[in-house]
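# Here is a sequence together with a model predicted from it:
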Number of protein chains: 2
Amino acid sequence: MTLDQRWFTEAIETTGTAFSLMGEKIHEEQTPYQKIAIWKTQTFGYLMTIDGCTMVSTRDNFLYHEMMAHPALNSHPHPETVVIIGGGDCGTLREVLKHPEVKSATQVEIDERVTRLAEQYFPELCEKNNDPRATLFFGDGIQWMKNAAPDSIDLVIIDSTDPVGPAEGLFGKRFYTDCLRALRPDGMLIQQSESPLLHLELIRAMHTAMREAGFAQTHLLHFPQPIYPSGWWSASLACKKAGALTPRLDAQAIAALDTRYYNADTHRAAFALPTYVRAALAD
Amino acid sequence: MTLDQRWFTEAIETTGTAFSLMGEKIHEEQTPYQKIAIWKTQTFGYLMTIDGCTMVSTRDNFLYHEMMAHPALNSHPHPETVVIIGGGDCGTLREVLKHPEVKSATQVEIDERVTRLAEQYFPELCEKNNDPRATLFFGDGIQWMKNAAPDSIDLVIIDSTDPVGPAEGLFGKRFYTDCLRALRPDGMLIQQSESPLLHLELIRAMHTAMREAGFAQTHLLHFPQPIYPSGWWSASLACKKAGALTPRLDAQAIAALDTRYYNADTHRAAFALPTYVRAALAD
C-alpha cells in the first residue's frame, strides 16, 4: 500500500527499510545545522525529526535515554563529572541527574534549537535542566573536547545523530583520543552505535577506533528502540582502564532511579550479545 | 516523504505505525485461508506476507525462529514430543529438530500453501522437513489439539499469525485448556505474543487466560524482530507445573545448536523484563 500525507516516513535507501508514524507535521525550521521538524503523532505522542530522521518520540524515548545513561553510570565506580556530547533533547541529561553521585553534568549540544524545541514539546525530558548540577552549553562538541582539561571527566556520553553531517567527526579515532585524554583513570565513554542488524560493520569500526585511540577495552550493549531503523539499537562503552564491569548500585539505588526499562536484570541483559555479534566483535 | 511502488509497506492504523522494505512483489495468491505474497527485497532477501502483514524474511527470521524454539526446549527437562501449531514456513521446526532429545516434532499448519511457498523461497528453513522425526500435518490446529491424546506432548509451540482471522482462536482460554490436557506433567506451551511496546494489554490477557486454563505459571521473553511492528517482539511461556525455570543444556550442547542469536547469555537476557512490563504482568 501507499502511505498518504497522514504519515511521517523515514525511508533509508541504503538499508532498504522505512519506518512511519501516523501524524501531522506541526512545526518545521531550518537551523544553521539541520532541518528540525515536530510531528504530532496518533500513537507515539510528539516526534522530533532532524533532516528527515526520527530523533525522539514521547512514547518510546525512555528506552534509549535510560540505556544511554544508567548502564554506564552503574558500571563506573564513582561517576561525579559527566559530559554529554549532543543530547540536545535533554532526555539523557535528565537520566544522568537521577544519580546522586553525579556532581556535574554538562551537555554540549551544537544546535540550541533542538533544546528550545524540546523544552516546548518534550518538557518532561527537560525537567532537570535547572538542576544546579546541570550546565547547558551550546557549541561544537569536537572543539569542546579538544579544549577539555586533561584528567577532568569521569564519563563522556555521546548522544549524537547518525555518523553523517555534523555528527560524523564524533565517530572517529581523533575524537576518541581527545575524549581519552580528558577522562580520569577510571573514565568511560559511551556512544550510541546504531543497529546491531543493519550497522554491524560500523559498530566493528567504532570499537576498533576506540581501541586504537587507547581505550583498554570496549563493550557493546543493545536494547529495543522502535522508532529507530530496525527497532533494535546499540551503544558502545569504552573503558580507559581494563577490568571487569561490575554494577555498583544495589536494588534500592536502582529502584530510586524510577526507570521504566532499566533495572538490574535488563542491565545484564543489555550486555548479553547475540552469537553473531559476539563473533563479529571478537578480533 | 511518500514511498513509491518500489516498496512493500505494512501500515497498521490501530498502532499508528508502518514498516516498509524496498523490493518487488514476485508472487501473490489467494488461498482458502488468506492472501500470501512473496517479495524479493533489496536488503532482506525474500519476504513472505500474509494478508499484508510481514511473516518471514530471509535476513532476520533467525531471531524469531531461534527464540520460539530454544528457550523453551532448554527450559524443559526432557522435551521428546513437540507439536508446532502454525509455523508453516518450517523455520521453527528446523530449530526444534536441532535438539537431539526431540524424538518427534509435528507441525500442524492450516494452510499448506505457506509451506509449499517456503520450500520454494526459503529452502534453508525447510532443510529438516524430511527428518524422520518430523511430521507435516495440514489442518486446523484448534481441532487437532481438541483431538490430541491426553498426557502425550512435552512442548506445544504456537507459531501463528496475529490474533485476528484464522489464528484468533489460538489466543484464548478454551484452546489453552485443550493444550494443557494434551501436555504431560512437565509440559510447557510457548506462543508468540506480539510487541511488548504496542500490545502489552494483549500479553496481559494471554497470561491471564493461560493461568485461568490451569497453567501453574507464565513467563514472558522478548527479543528483537525488525520486520514485525515496533521491531521488538515477545513470546509467552506457560508451564503446567510450578517451579523455577532452569536451563538444561551445557555450553557444548548450546554451541551444537549452531544459532546466530541464541546462546546461554541471550537465553537469560530474554527473560529479563523491563520494569514497566514486570509491573504490568504482576497481579
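Received the coordinates, thanks. Only a predicted model underlies this, so the values are computations on that prediction, with no experimental measurement involved.

# Give me the residues contacting stretch A:173-186.
The contact list for stretch A:173-186 (C-beta atoms under 8 Å, 6 or more residues apart in numbering or on different chains) reads A:76-78, A:81, A:83, A:142, A:145-146, A:148-154, A:156, A:169, A:187, A:189, A:209-210, A:212-215, A:238, A:240-241. All C-beta spots, glycine's among them, are computed from the backbone N, C-alpha and C.

# can you do 7 Å?
If you take C-beta atoms under 7 Å, 6 or more residues apart in numbering or on different chains as the criterion, stretch A:173-186 is touched by A:76-77, A:142, A:145-146, A:148-154, A:156, A:169, A:189, A:209-210, A:212-215, A:240-241.

# Would you indicate which residues of that stretch are buried?
Judged by neighbour count using 16 or more other C-beta atoms under 10 Å in any protein chain shown, the buried positions of stretch A:173-186 are A:173, A:175-184.

# cool, stretch A:203-223 as well?
A:203-207, A:209-211, A:213, A:215, A:217-223.

# Stretch A:237-250 too?
Applying 16+ other C-beta under 10 Å to stretch A:237-250 flags A:237-240, A:245, A:249 as buried.

# hmm, who's touching it?
A:72, A:74-75, A:77, A:180, A:183, A:185-190, A:210, A:215-219, A:221, A:264, A:267.

# Any regions of the stretch 101-250 of chain A where pLDDT drops low?
For the stretch 101-250 of chain A, no stretch is flagged by pLDDT under 70.

# separation between the residue of it found nearest chain B and A:His222?
Nearest residue of the stretch 101-250 of chain A to chain B: A:Gly231, at 1.4 Å (C-beta to the nearest C-beta). Separation of A:Gly231 from A:His222 (C-beta to C-beta, to the nearest Å): 11 Å.

# Kindly report the same for A:His76.
Relative to A:His222, and taking C-beta to C-beta, A:His76 is found at 20 Å.

# likewise A:Gly45?
24 Å.

# repeat for A:Leu170
Per C-beta to C-beta, A:Leu170 is found 20 Å from A:His222.

# Among the contacts of stretch A:173-186, which ones are in helices?
Using DSSP state H, the members of those that fall in helices are A:142, A:145-146, A:209-210, A:212.

# Mind putting these into CSV with distance to A:Ile38?
CSV is the format used below for these (distance: C-beta to C-beta, whole Å):
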residue, distance to A:Ile38
A:Ile142, 27
A:Met145, 29
A:Lys146, 33
A:Ala209, 34
A:Met210, 34
A:Glu212, 39
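
# Same list (those) but as JSON lines, adding distance to chain B.
Listed next are these as JSON lines, based on distance: C-beta to the nearest C-beta, whole Å:
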{"residue": "A:Ile142", "distance to chain B": "30"}
{"residue": "A:Met145", "distance to chain B": "32"}
{"residue": "A:Lys146", "distance to chain B": "37"}
{"residue": "A:Ala209", "distance to chain B": "25"}
{"residue": "A:Met210", "distance to chain B": "22"}
{"residue": "A:Glu212", "distance to chain B": "27"}
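
# ok, so of those residues, who is nearest B:Ser104?
Within those, the smallest distance to B:Ser104 is 49.6 Å, found for A:Met210 (C-beta to C-beta).

# residues in contact with that closest one?
Applying C-beta under 7 Å, 6+ apart, we find A:Met210 in contact with A:176, A:218, A:238.

# quick one: the residue lying closest to it once chain neighbours are set aside from A:Arg268, how far?
Once flanking residues are discounted, A:Met210 sits nearest to A:Ala238: 4.2 Å by C-beta to C-beta, 6 or more residues apart in numbering or on different chains. To A:Arg268, A:Ala238 is 19 Å away according to C-beta to C-beta.

# what does chain A put close to chain B?
A:1-3, A:7, A:9, A:11, A:15-22, A:41-44, A:60, A:197, A:224, A:226, A:230-232, A:259-263, A:265-266, A:268-269, A:272-276 (C-beta under 7 Å from any C-beta of the partner chain).

# Which of the residues you listed fall in helices?
Members of the residues of chain A next to chain B lying in helices (criterion: DSSP H): A:265-266, A:268-269, A:275-276.

# So among these, which ones count as buried?
Those of these that meet the buried threshold are A:265-266, A:268-269, A:275, by 16+ other C-beta under 10 Å.

# Verify the assumption that A:Asn74 is located in a helix.
Yes. If the criterion is DSSP: H, G, I helix; E, B strand; the rest coil, then A:Asn74 is within a helix.

# count of neighbours near it?
20 (other C-beta atoms under 10 Å in any protein chain shown).

# for A:Ala279, same thing?
As a burial measure, A:Ala279 scores 10 neighbours (other C-beta under 10 Å).

# so who does it touch?
Counting by C-beta under 7 Å, 6+ apart, A:Ala279 has no contacts.

# Work out for me the element it sits within.
Taking DSSP states H and E as the definition, one finds A:Ala279 inside helix A:275-281.

# per the record, what domains does chain A have?
Using automatic domain parsing, the domain ranges for chain A come out as A:4-57, A:61-282.

# Look up how far B:Leu257 lies from A:Ile254.
33 Å.

# For the stretch 101-250 of chain A, just list every one of the strands.
Under the criterion DSSP state E, counting those that start in this stretch, the stretch 101-250 of chain A contains strands at A:104-109, A:134-138, A:153-159, A:183-192, A:217-224, A:232-239.
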